[in-house]
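Novice: here is the input, now give the coordinates:
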Amino acid sequence: MTFNPSQTLRGVLSLGAAVGVGLLAFPGAVSLAQDYNATPLYGTLNLDAGFTPDPQRVDVQAGGSTNARTLNLGSGCVGYIAVSQPDVRVRYEAGRYDTLSFHVTSNVDTTLIINGPHGQWYCNDDFDGSVNPRVLFSPPRSGQYDIWVGTYREGRVHSAQLEVSEVWQSRSSSPRPSISPAPSPPSVF
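Specialist: As a prediction, this is how the structure comes out:
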């Protein structure tokens, strides 16, 4: 068998075209539309363990036109988000703190979707008896966290604030719950 570069290149291009068409044909692959490599709408926080001030706050506009349930990120991933780019990116260097918390406050019911440092999706809607979401990483890992802030109901966007903290207090006296990653469909990653 002899090596023919032009045939090999044609084969690779044909395979690439077939994969591209396959992704368009299967709605289950929609989560690829969520571009966690795009520049975040409201900026990037570069944080080392022990950062100050704590919490760090970022004002955002929560919501969008895409129903997160259609993205196949996991059963707990709900709400309406703008998928074209993350709202906020956090680059975090872990250290002596055992918790990293992402919390949203707003006057409407908001949701939170995070793509963590190892490519897993983490989601929350209502946390600790409120309509505000929170995702806790305990222990947190070093790396990039891409964050989308959504609204539970479809419609217009609403003002919200994302808080990132290593120190937090639960409103209830119950033990601190941990948020598990949303199951990722194997075909996406």
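
Novice: does the residue nearest to the spatial centre of the chain count as helix, strand or coil?
Specialist: Closest to where the C-alpha atoms of the chain average out (C-alpha atoms, centre = their mean) is Ile114, at 2.2 Å. In three-state terms, and counting by DSSP: H, G, I helix; E, B strand; the rest coil, Ile114 is strand.

Novice: which strand residues bridge it?
Specialist: Tyr122, Ile147 (DSSP bridges).

Novice: that one and Ala68, how far apart?
Specialist: To Ala68, Ile114 is 12 Å away according to C-beta to C-beta, to the nearest Å. (C-beta placed from N, C-alpha, C; glycine too.)

Novice: do Asp87 as well
Specialist: Following C-beta to C-beta, the distance that separates Asp87 from Ala68 is 13 Å.

Novice: what sits in contact with each of those two?
Specialist: Trp148 (C-beta atoms under 8 Å, 6 or more residues apart in numbering).

Novice: buried residues in stretch 104-116, which are they?
Specialist: With burial defined by 16 or more other C-beta atoms under 10 Å, the residues of stretch 104-116 counted as buried are Val104, Thr105, Ser106, Val108, Asp109, Thr110, Thr111, Leu112, Ile113, Ile114, Asn115, Gly116.

Novice: what do you get for stretch 86-101?
Specialist: Quick answer for stretch 86-101 (16+ other C-beta under 10 Å): Pro86, Asp87, Val88, Arg89, Val90, Tyr92, Ala94, Tyr97, Leu100, Ser101.

Novice: quick one: end-to-end distance for that stretch.
Specialist: Chord length of stretch 86-101, first to last residue, is 17 Å (C-alpha to C-alpha, to the nearest Å).

Novice: go on, stretch 55-67?
Specialist: 29 Å.

Novice: same question for it, mean pLDDT?
Specialist: If you average the pLDDT over stretch 55-67, you get 97.

Novice: what sits up against that stretch?
Specialist: Contacts of stretch 55-67 (C-beta under 8 Å, 6+ apart): 33, 41-43, 45, 47, 79-83, 87-88, 101, 103-104, 106, 108, 110, 149-151, 154-165.

Novice: chain center to stretch 92-99: distance?
Specialist: 19 Å (C-alpha atoms, centre = their mean, to the nearest Å).

Novice: and the residue nearest to the centre of the chain, what does it touch?
Specialist: Contacts of Ile114 by C-beta under 8 Å, 6+ apart are Phe102, Trp121, Tyr122, Cys123, Val135, Tyr145, Asp146, Ile147, Trp148.

Novice: many thanks, I have nothing further to ask.
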